[in-house]
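J.: Got a sequence here, can you build the structure:
(chains A, B, C and D)
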4 protein chains.
Amino acid sequence: MVIIMNADATAENIKNVIEAIQDVGLTAQIMEGAQQKIVGVIGDKSRMGSLAIDAMDGVEKTVEISKSYKLASREFHPQSTVVDVDGVKIGGGNLVVMAGPCAVESREQLFEAADLVKKAGAQFLRGGAYKPRTSPYSFQGLEETGLRYLAEARERTGLKIVTEVTEVEAVETVAKYADMLQIGARNMQNFRLLKEVGRTDKPVLLKRGLAATLNEWLNAAEYIMSEGNPNVVFCERGIRTYETYTRNTLDLSAVAAIKHLSHLPIIVDPSHGTGKWRMVKPMAFAAVAAGADGLMMEMHPNPAKALSDGPQSLTPENFSQVMQGLQQLSAFLHTSGLEITTL
Amino acid sequence: MVIIMNADATAENIKNVIEAIQDVGLTAQIMEGAQQKIVGVIGDKSRMGSLAIDAMDGVEKTVEISKSYKLASREFHPQSTVVDVDGVKIGGGNLVVMAGPCAVESREQLFEAADLVKKAGAQFLRGGAYKPRTSPYSFQGLEETGLRYLAEARERTGLKIVTEVTEVEAVETVAKYADMLQIGARNMQNFRLLKEVGRTDKPVLLKRGLAATLNEWLNAAEYIMSEGNPNVVFCERGIRTYETYTRNTLDLSAVAAIKHLSHLPIIVDPSHGTGKWRMVKPMAFAAVAAGADGLMMEMHPNPAKALSDGPQSLTPENFSQVMQGLQQLSAFLHTSGLEITTL
Amino acid sequence: MVIIMNADATAENIKNVIEAIQDVGLTAQIMEGAQQKIVGVIGDKSRMGSLAIDAMDGVEKTVEISKSYKLASREFHPQSTVVDVDGVKIGGGNLVVMAGPCAVESREQLFEAADLVKKAGAQFLRGGAYKPRTSPYSFQGLEETGLRYLAEARERTGLKIVTEVTEVEAVETVAKYADMLQIGARNMQNFRLLKEVGRTDKPVLLKRGLAATLNEWLNAAEYIMSEGNPNVVFCERGIRTYETYTRNTLDLSAVAAIKHLSHLPIIVDPSHGTGKWRMVKPMAFAAVAAGADGLMMEMHPNPAKALSDGPQSLTPENFSQVMQGLQQLSAFLHTSGLEITTL
Amino acid sequence: MVIIMNADATAENIKNVIEAIQDVGLTAQIMEGAQQKIVGVIGDKSRMGSLAIDAMDGVEKTVEISKSYKLASREFHPQSTVVDVDGVKIGGGNLVVMAGPCAVESREQLFEAADLVKKAGAQFLRGGAYKPRTSPYSFQGLEETGLRYLAEARERTGLKIVTEVTEVEAVETVAKYADMLQIGARNMQNFRLLKEVGRTDKPVLLKRGLAATLNEWLNAAEYIMSEGNPNVVFCERGIRTYETYTRNTLDLSAVAAIKHLSHLPIIVDPSHGTGKWRMVKPMAFAAVAAGADGLMMEMHPNPAKALSDGPQSLTPENFSQVMQGLQQLSAFLHTSGLEITTL
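T.: As a prediction, this is how the structure comes out:
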């Protein structure tokens, strides 16, 4: 940490800051600038937890230098991690696709979707059994019945199942049926839930919060990992900005940033990221070119009849066409050596 | 709902949209614009849940007209609600102040704070026993021990206790000790938790999410109310914007907006809203002038030694001075008839 | 400036950074952290202009310590400035009100507005003669004809005239008619225009850009002041956020921040800040309580017939009522010593 | 336009709204919803300019249906436009690259850069002669001298020249030397400047404003086109969000959106869009995959000595490598039919 003193800080102010630092067993080093003094803090950052230097007289602001996440950080783990979901590898040059309807609506709808997803060449079936909805009066999901349909669809197709878990009480149940647990955007800082999935042996797909910084997102992964679960995959799904034409603003630079800051894989969800099915294909292509390890896309046998998120769902025909393009693009990047792995 | 068709939508497209609406028992009405046709949907909105009109061919976008929250809406409940917290009234012209440290750190710290809060004339003691923190390695709170200290501080001072509950499993425990349950910004859309506090008989203080729209916030209140708990108080605590000088951007216009859209009381937290103790006084004064029903402020016996949020905590001296000013200002607004109640 | 090196920066990297600093005549000081080295730069910051330290190998990021604005800064000018506009003082405890229609539409409309503004006790008449509009097909203002009407309204009422100048070519003309030149939000970083008004002898009202940081805003004032014009008054008018209920998000904490960072006066425009006439009164009261030196408000003799910005304009009756409240509130704050001047 | 009345609007309110619409020669059509009435307005939208329906009693809000831009709209011009810059075509399947230093610093620096840009296969040399800078004390550009160097570099290499014009007075001068005029982000709503470049015969590169909506951006193009200049190319360069890790948030979904809403070409600037040279390659690849018609990238012979924007500049080696990758990727997309042209 670097402490920047006010231009008019007194010698007494600086002395107090230094003593506070030394009191918790850390070392202070002073740097005299042209207008302002700066105090550097050296030693184990966790000891600073009990100090609020910013509140001391004469302090203008403090700047954090070291990162608060370690297990998720590439600095401490230079080699890229490949997450194995019951035999399907995420990371390491494989393009993984997770597709399916927003919500599990019925056995028929899910089976129809699963067959289409399988046929188009994706590896994962997605579908929400627990749906977090803005309004309490919207469709909230089929819950355990939905999970059972998902498990049946796995039997039928061999696809892996990824589905959202929205509450601590449901973690055990969801883990019984799913191959991968999804933490949704609204729960990215539901720390209790993060810890709970961190205690399971299922890989976790961690969506970015609606307005989460990269730093908060990396720390959310740290919550899961610090409980013993090393298998975390990030999913960029758009952030909230002032722009209203798209549902969210898909931040593809997050793919590059996460690859630089972390060793964990990252996939992209262009369906939620844009909210418009027309934009799914160009954004899916862009995500792969930017180095994403996979995609999550909404596909519905009949989008106009979807119980949620219809406008952003691909039809089976669109989806099949997007899949073919993605496979060609991915193969080209791989063979031509243009694939972006780290930076 | 109003459905805006593309300029090049065909008669067939429009026919399909109308049929889809009629299929669920609603009435469609067409309006022919200069360039585009518009289809209005009349009837019980909840029937639309199963339709994704946006995904149909020829549809440009849909515009929602009616509100998805009812119990929280002033339209359905014109008279302003006064929430009674064990004898202390929030709303109806009383200025309520909730103050105390960010976190309960020790019995001594809390008692010292409680005595100061009481002496300065506030009605509520605040203090976190469960602390949601960005990093898993930061201080996470004293949990039930902290709750016991809060209850002891109530015995000692007569102050009401408001404290955050961060997980479903803790609701019962927190409700045992606290007079009012606080839902923090990160949990504003933790729908399972909202429902759980909605099933208790304790009033709920609902903080605005980090990047929540007013509509999402009102719907979060609806989640609580639809479970049977009518006693919800909003708390504006700043929203996330591009500005970095302040920790958040305190949105005081939310006070006026909520008073217009809802009958529930709203208070303001200028400590989290700005992240700087210097700004607490001007923003507290502004909140009261704008019509807020109360304030939540962080005060710490020794901010520089706070385990969290020191920079935004007032010292006892500052706090006492702010309280005196607030009481004078509130009395003036009341007696002069300048108080803003609804708009 | 403080330079934070990567955790894996080599000794060679650090040597190169130090040499680059020394090459431009500055001093480098190294601080060894637990995980990372930090290099402090001491000396005249302007010499750093020719260095892009961030681009050097081994550098993680640089943190700017000193401010790039001086003339606008309170550090270099501790005493609050009072701007005198032909006898009307802005700052120093006077509440100044600027009111009138968004646009000058006709002589009759303006005179009617001016009489109402005068009668209600405001000191300035506002009204746009040059209107920057999103669409080229919207009403763009009466230009010099509008300026003449404003000057006539001054003759008639004694009100001071503040009006926007949107282009360099019009500065001389606008300065001929107006008492105070307004720089609008869209031109806050039109640096050529800032310099031009900086060369006039008219006080300048500098609105905050749509998404301008406080730092950018203070530097915009510095552009004007560095050309020789010391009479700048800030005007907070709301910033762009994700919230769509209000036209902008009025950032009243900017009032407190500017009073801390600068010696210049600041007023608030709750009309543009909210976009809703209902919210003007509560936000105007809040601004005054927060320490604003004045207000700018839109009032139209007949808002429903306004050529622009009707929804946010007060009717004459509303305006008169708001003015009475403001005068009472301001007098109370003054006499009770609760007025916020600096912090 | 659709007018949504309050739930408690009276018959009188609705009558007044209808009369106001009819008074300006438009037709009103009423739709009775379950809770609220809606009034549709039919006819020539420009007649609405003189009405502020939102300000009328009983009106909740108005929703604009038709677009305010026409010349820039794909609805009115379904075929994609190819902009010809003195023989180099932008749009229509050609990948155009504009590269060079942020600022023209000296003849030597520019010539060295130009040779590298040419050798790597780009078609345009970029370089600022007029630099808009946040602080008045930063390097502001070589002005006409810089323009002369750019023209000399064109002679030397055959590259086309694109450079920013920041003020009306300089348009004629810049147009004398440059092949394409750039409007920078800070001037995207400098309407006077837009009109001025609209009166030249030079193609215009229109960067997106710091926090501009797509609608505002399209209207800015309309300002240029409505003065007679049809040759406008959009340039996405990142928008301002709460995220601070990147300088801006590059919004690649804008590429898809603009291709849908407009017939004009769009290129992407990943250098300003991210502020980090490491991210330029992945974001450049992503932009091309998303369907961008070209790229603008900063390359500096020696980034660490750049007078501005060093951290985001590629070295000659990086640039050359990125260019090779882009050419391969672009060729692959073209030959495989995966290129995204419209959607």
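
J.: can we go C-alpha only for contacts and neighbour counts from here?
T.: Will do.

J.: Could you tell me the angle between the longest helix belonging to chain A and helix D:316-336?
T.: If you go by DSSP state H, chain A has its longest helix at helix A:316-336. Counting by axes from the mean of the first three to the mean of the last three C-alpha atoms, to 10 degrees, helix A:316-336 lies at 140 degrees to helix D:316-336.

J.: Just confirm yes or no for helix A:316-336 near chain D.
T.: Yes. Using C-alpha under 8 Å from any C-alpha of the partner chain, helix A:316-336 reaches chain D at A:Gly325, A:Phe332.

J.: What residues of that helix count as buried?
T.: A:316, A:319-320, A:322-323, A:325-327, A:329-333 (16 or more other C-alpha atoms under 10 Å in any protein chain shown).

J.: Let's test this: mean pLDDT of it, rounded?
T.: Averaging pLDDT along helix A:316-336 gives 96.

J.: any idea how far it is from the chain center?
T.: 23 Å (C-alpha atoms, centre = their mean, to the nearest Å).

J.: Of the buried residues of helix A:316-336, which is the nearest to chain C?
T.: In terms of C-alpha to the nearest C-alpha, no member of the buried residues of helix A:316-336 lies closer to chain C than A:Leu333, at 28.0 Å.

J.: Where does pLDDT dip in the stretch 51-200 of chain A?
T.: A:51 (pLDDT under 70).

J.: mind redoing it with 90?
T.: Across the stretch 51-200 of chain A, residues meeting the criterion (pLDDT under 90) sit at A:51-68, A:75-76, A:93-94, A:131-140.

J.: OK, now which residue of it is nearest to chain B?
T.: Going by C-alpha to the nearest C-alpha, chain B is nearest to A:Ala55 of the stretch 51-200 of chain A, at 4.2 Å.

J.: Excluding chain neighbours, what is closest to that residue?
T.: In space, and not counting its chain neighbours, A:Ala55 is closest to B:Pro311: 4.2 Å by C-alpha to C-alpha, 6 or more residues apart in numbering or on different chains.

J.: Wait, the one you found touches B:Pro303, no?
T.: Yes. If you go by C-alpha atoms under 8 Å, B:Pro311 and B:Pro303 touch, sitting 7.0 Å apart.

J.: Find residues that contact each of those two.
T.: Contact criterion C-alpha atoms under 8 Å, 6 or more residues apart in numbering or on different chains; residues shared by B:Pro311 and B:Pro303: A:Ala52, A:Ala55, A:Met56.

J.: count of residues packed around the second one?
T.: Spelled out, that is A:Ala55. 24 (other C-alpha atoms under 10 Å in any protein chain shown).

J.: tell me the contacts of it?
T.: When the contact criterion is C-alpha under 8 Å, 6+ apart, the partners of A:Ala55 are B:Pro303, B:Ala304, B:Gly310, B:Pro311, B:Gln312, B:Ser313.

J.: rerun at 10 Å
T.: Going by C-alpha atoms under 10 Å, 6 or more residues apart in numbering or on different chains, A:Ala55 touches A:61, B:276-277, B:302-306, B:309-315.

J.: Between B:Pro311 and B:Pro303, point out the one with more neighbours.
T.: Counted by other C-alpha under 10 Å, B:Pro311 and B:Pro303 do not tie: B:Pro303 has more neighbours, with 27 against 22.

J.: That one and A:Ala52: what is the separation?
T.: B:Pro303 is 7 Å from A:Ala52, where distance means C-alpha to C-alpha, to the nearest Å.

J.: likewise A:Pro265?
T.: Separation of A:Pro265 from A:Ala52 (C-alpha to C-alpha): 35 Å.

J.: Of the two, give the one with the bigger neighbour count.
T.: Counted by other C-alpha under 10 Å, A:Pro265 and A:Ala52 do not tie: A:Pro265 has more neighbours, with 26 against 22.

J.: In contact with that one: list those residues for me.
T.: Going by C-alpha under 10 Å, 6+ apart, A:Pro265 touches A:80-83, A:90-92, A:205, A:231-235, A:255, A:258-259, A:291-294, A:341.

J.: could you redo the last one with a cut-off of 6 Å?
T.: A:Gly91, A:Val233 (C-alpha atoms under 6 Å, 6 or more residues apart in numbering or on different chains).

J.: Excluding chain neighbours, what is closest to the residue of chain A found nearest chain C?
T.: Distance from chain C to each residue of chain A (C-alpha to the nearest C-alpha) is smallest for A:Tyr242, at 4.1 Å. Leaving aside its sequence neighbours, A:Tyr242 sits nearest to C:Tyr242 (C-alpha to C-alpha, 6+ apart; 4.1 Å).

J.: Could you count how many residues lie near the one you found?
T.: C:Tyr242 has 20 nearby residues by other C-alpha under 10 Å.

J.: ok, which residues in the stretch 101-250 of chain A are in contact with chain C?
T.: Within reach of chain C by C-alpha under 6 Å from any C-alpha of the partner chain, the stretch 101-250 of chain A has these residues: A:Thr241, A:Tyr242.

J.: quick one, helices of the stretch 101-250 of chain A?
T.: Using DSSP state H, counting those that start in this stretch, the helices assigned to the stretch 101-250 of chain A run over residues A:107-120, A:144-157, A:171-177, A:191-198, A:214-225.

J.: Please work out which of these is packed deepest.
T.: The highest mean neighbour count among the helices of the stretch 101-250 of chain A, using mean count of other C-alpha atoms under 10 Å in any protein chain shown, belongs to helix A:214-225: a mean of 25.

J.: by contact count, what packs against it?
T.: Using 3 or more C-alpha pairs under 6 Å, 6 or more residues apart in numbering or on different chains; DSSP states H and E, the elements in contact with helix A:214-225 are helix A:191-198.

J.: So what angle separates the directions of the helix it packs on and helix A:214-225?
T.: 50 degrees.

J.: Can you confirm whether helix A:191-198 lies near chain B?
T.: No. Looking at helix A:191-198 against chain B by C-alpha under 6 Å from any C-alpha, there are no contacts, and the closest approach is 6.6 Å.
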